[in-house]
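Peer 1: build me a model:
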Amino acid sequence: MIQQKIGNYRWTICTLLFFATTVNYLDRQVLSLLKPVLEEKFNWSNSDYANIASVFQFTYAISMLFAGRIIDKIGTKSGYSWAIIIWSIGAVMHAYSISLGEYFSVALGWIGIVGVPISIAGFMLSRAVLGFGEAGNFPAAIKATAEYFPKKERSFATGIFNSGANVGAILAPLTVPWIAKNWGWESAFIIIGGVGILWLIFWLIYYDNPNQQQRLSKEELNYINQDNAVGENEEVETGPKLSWVKLLGYKQTWAFAVGKFMTDGVWWFFLFWLPAYLKDQYKMGGTDIILPLSVLYSMTMIGSIGGGWFPAYFIKKGFHSYDARLKAMLMIAFIPLVVLAAQPLGAISYWMPVLLIGIGASAHQAWSANLFTTVSDMFPKKATASVVGIGGMAGGIGGVIITKTGGSLFDYYKQLKHIETGYTIMFTFCAVAYLIAWLIMKSLVPRHKKIDI
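Peer 2: The predicted structure is shown next:
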């Protein structure tokens, strides 16, 4: 009854964020699904693929730092619009990587980087543009969530829009292999890349700052701003912006950055290497991977939405939102340990690692939904996107390290005819990363302390 009185327009915004995140993950996953086709066509090694994938992650990491600042400066609506325009262009560029590679390899030669094959150069350029644009998604989405939701609903709303990553991961194997098989690999990049422009139309129509939003009732606006008690209006957007140096002086910033650095690479690994894993160990490729990957990523939706809801249990018991989130995150951090059994049980059936990795990936999404929301627990709105950007950069760098390490390990053990050993090493890190991250975060910020600026 209360929800009916105050209105539900904020959930329309959450829906927009959900679909944007879905498109975001659709675009970034096309390459991994086409890896078997492209590595055969262009004679790539695992290290070549890792280099291409890591260009996306490195560009994404550096851009996240600036994306947060840009979005804080120009606002959520404009920032999100430009982000999806740029990443949609980058996605489509992959289809023309050979032509682009001819020019980009020459440009690389001018700065002293020679010997990069045309196919690799073209895909590197396309991945760089994609990473630059996609870096705006989460800083903008987290900022929009902080603008449109009171604190008690933010982790749930974050869990919902973050589940768009899972939907994108599910839709990608359902569509990309089929498109590539019937219309060619170039068409997969063009069609999937063009979806973002459709989303942009709805975003421009339905999003405005809450204080300017004509579709938002006065009651719902008051409900959204309920945390702004008289005398402590920490949500005011005016005043000087915070410098990166100042933000890096807070342990809260480092706690979030460490959480991202240690765990983002796990999700990147699952996203970019699972199609290769199924091919290397089970000789599966093309449309054969549709069902197992769809099942695996479907499982992750449970973690994304459930993880966002989980802290509410502790909040109802009287814990502050940050402390409740840390308790929930500790419990979640134990779940990925099941990934340790993926390789030993893989001899039974490929479904065993698929299901166990699915549980681990689901736990990651539950972890991620809570990790993002710790920023709005600890910082005022004017700093939210900037802190998310710093953490995103740390997470991207962690992803680069995981991707490069994986590529080198797989090539090394492939030569020794024991590529499964490389996957065992990587799965072991993926299993324990969350507990290590939680311990460091807890030591940096033992209990809730709101930044007073």
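Peer 1: quick one: residue 283 from residue 65, how far?
Peer 2: 41 Å (Cβ to Cβ, to the nearest Å). Backbone N, C-alpha and C define where each C-beta goes, glycine included.
Peer 1: show me which of these two is the more surrounded one.
Peer 2: More neighbours surround residue 65 than the other of residue 283 and residue 65, with 20 against 9 (other Cβ atoms under 10 Å).
Peer 1: which parts of the helix or strand harbouring the more buried one are buried?
Peer 2: Assigned by DSSP states H and E, residue 65 belongs to helix 46-74. Within helix 46-74, the residues scored as buried using 16 or more other Cβ atoms under 10 Å are 46-72.
Peer 1: how far is the next helix-or-strand element following that helix from where the chain is centred?
Peer 2: With elements assigned by DSSP H and E, the helix or strand that comes after helix 46-74 is helix 76-93. Averaging C-alpha positions (Cα atoms, centre = their mean, to the nearest Å) puts helix 76-93 16 Å from its chain's average.
Peer 1: helix or strand right after helix 76-93?
Peer 2: Following helix 76-93 in sequence, per DSSP H and E, is helix 97-110.
Peer 1: got the CA coordinates for that next one in CSV?
Peer 2: Below are the C-alpha coordinates for helix 97-110, written out as CSV (Å, rounded to 0.1, in the frame of the first residue of the first chain):
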residue,chain,number,x,y,z
SER,A,97,39.0,-4.9,-37.9
ILE,A,98,41.0,-6.0,-40.9
SER,A,99,40.6,-2.7,-42.7
LEU,A,100,41.2,-0.7,-39.5
GLY,A,101,44.2,-2.9,-38.7
GLU,A,102,46.0,-1.9,-41.9
TYR,A,103,46.0,1.7,-40.8
PHE,A,104,46.4,1.1,-37.0
SER,A,105,49.5,-1.1,-37.6
VAL,A,106,51.1,1.7,-39.5
ALA,A,107,50.3,4.1,-36.7
LEU,A,108,51.8,1.7,-34.2
GLY,A,109,54.9,1.6,-36.3
TRP,A,110,55.3,5.4,-36.0
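Peer 1: off-centre distance for the following helix or strand past that helix?
Peer 2: The first helix or strand that comes after helix 97-110 along the chain, using DSSP H and E, is helix 118-134. The chain centre lies 18 Å from the centre of helix 118-134; the measure is Cα atoms, centre = their mean.
Peer 1: name the residues of the very next helix or strand once past helix 118-134 that are buried.
Peer 2: Next in sequence after helix 118-134, counting helices and strands by DSSP H and E, comes helix 137-148. By neighbour count with 16+ other Cβ under 10 Å, helix 137-148 contains the buried residues 137-148.
Peer 1: point out where the stretch 151-300 of the chain drops to low pLDDT.
Peer 2: 227-242 (pLDDT under 70).
Peer 1: residue 122 and residue 95 touch, don't they?
Peer 2: No: counting by Cβ atoms under 8 Å, residue 122 sits too far from residue 95 to count as a contact (10.1 Å).
Peer 1: of these two, who's got more company?
Peer 2: A direct count of neighbours by other Cβ under 10 Å for residue 122 and residue 95 places residue 122 higher, at 25 against 20.
Peer 1: how deep is the closest residue to that one other than its chain neighbours tucked in, by neighbour count?
Peer 2: By the measure of Cβ to Cβ, 6 or more residues apart in numbering, the closest residue to residue 122 outside its immediate chain neighbours is residue 101, 2.7 Å from it. As a burial measure, residue 101 scores 22 neighbours (other Cβ under 10 Å).
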